[in-house]
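K.L.:
generate a structure from the sequence data that follows.
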Amino acid sequence: MKLGINTYSFLWSNDLEDSVKIIADHGFKAIEFLVSPPHFYLNKYKPGMYSKIRKIIEQNNMEVLAVNIPGLDINLASPFPEMRQMSIDLYKRLIDINQELNAKILIVVPGKRHPLLPPDFELIYGYAKDSIEQIMDYASYTDLVFGIETVPAIFLDKVADVQRLVKEFDSPKVKIVYDVANVFMQEDPAEGIKKAADDICLIHISDTKTTKWEHNVIGTGDIDFSSIMDAIKVINYNGYVVLEIINDRGVHGVLESIKKLKE
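P.N.:
From the prediction side, this is the model:
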């Protein structure tokens, strides 16, 4: 299994450059960037701004798997056109950064639906699809793969819902980023992996509980990772599995998670 590391655990403890160095020093060759302040300020981006980061990556023979902007802060499916436009513009800026870092996948969260007074599903589904189309048009000059992620608290929170969107785009550039912890409260993640086998471009793993949504160290929650590993084998998945661990232990939580996976 090919493992990648998300920079989430380093966000509040290390600057971006040190985070990459720590990941490289521990021998990891694939990285996914969480695009969030204080590591990334999209409004301050200028061409060449991340050339030093790219140099560190190249010197350590690493590759950037994906860039990932937190989808709970923005909304591509908002009934407010102003929010949709702001979200689209942030993704466009992220595409420019993506090219500088030579990332393979742009992770896209398709948006949220208000839980108290939800608008019509098909209405915001159309908004989300139109927003993603605009982002894809902007990136038409690139080889980017658009990875639509399964995320709870949005309106596409099961793999079948995300598959509908992917199928309608009918493009080899639109795939699924399957996040095990994100779907855990909605469906059996091992079965979801099997259902989405042909559409998955990336898998995120971390542990969570049935009572609380987390992205914690593997072995600290309720997910049966033996079934996850079996599902990955069953579908003959040969892509990367990214450890998206979110805690204050940095690389130590990552290393502990890998130990648990080996067990």
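
K.L.:
what about the residue lying closest to residue 189 once chain neighbours are set aside, neighbour count?
P.N.:
Spatial nearest neighbour of residue 189, excluding adjacent residues (C-beta to C-beta, 6 or more residues apart in numbering): residue 180 at 4.3 Å. Bear in mind the C-beta positions are built from the backbone N, C-alpha and C, glycine included. By other C-beta atoms under 10 Å, 25 other residues sit near residue 180.

K.L.:
for residue 99, see how far away residue 180 is.
P.N.:
According to C-beta to C-beta, to the nearest Å, residue 180 stands 29 Å off from residue 99.

K.L.:
residues in contact with the residue nearest to residue 35 when sequence neighbours are not counted?
P.N.:
Closest residue in space to residue 35, ignoring its immediate chain neighbours: residue 69 at 4.5 Å, by C-beta to C-beta, 6+ apart. Taking C-beta atoms under 8 Å, 6 or more residues apart in numbering, we find residue 69 in contact with 35, 36, 90, 91, 94, 107, 109.

K.L.:
what is the most widely separated pair among these?
P.N.:
Spanning the widest gap among those are 36 and 91, at 13.8 Å by C-beta to C-beta.

K.L.:
between these two, which has more neighbouring residues?
P.N.:
Remark: of residue 36 and residue 91, residue 91 carries more neighbours, 26 against 17, as counted by other C-beta under 10 Å.

K.L.:
what's the pLDDT at that one?
P.N.:
Note on residue 91: pLDDT of 97.

K.L.:
residue 1 now?
P.N.:
83.

K.L.:
do residue 181 as well
P.N.:
Looking at residue 181, the pLDDT reads 95.

K.L.:
for the residue nearest to it when sequence neighbours are not counted, grab phi and psi.
P.N.:
Nearest non-adjacent residue to residue 181, counting by C-beta to C-beta, 6+ apart: residue 208, 4.2 Å away. The phi/psi pair for residue 208 (degrees, to the nearest 10) reads phi -150, psi 170.

K.L.:
number of residues surrounding residue 208?
P.N.:
When neighbours are counted by other C-beta under 10 Å, residue 208 comes out with 23.

K.L.:
distance check, it against residue 91.
P.N.:
26 Å.

K.L.:
do residue 32 as well
P.N.:
16 Å.

K.L.:
do the same with residue 190
P.N.:
Taking C-beta to C-beta, one finds residue 190 at 31 Å from residue 91.

K.L.:
please apply the same query to residue 31.
P.N.:
Residue 31 is 20 Å from residue 91, by C-beta to C-beta.

K.L.:
dihedrals phi and psi, residue 178?
P.N.:
Here residue 178 shows phi and psi, under degrees, to the nearest 10, equal to phi -90, psi 110.

K.L.:
in this structure it contacts residue 202, no?
P.N.:
Yes - with contact defined as C-beta atoms under 8 Å, residue 178 counts as touching residue 202 (7.5 Å).

K.L.:
which secondary structure state does residue 242 sit in?
P.N.:
Three-state call for residue 242 (DSSP: H, G, I helix; E, B strand; the rest coil): strand.

K.L.:
count of neighbours near it?
P.N.:
The burial count for residue 242: 27, using other C-beta under 10 Å.
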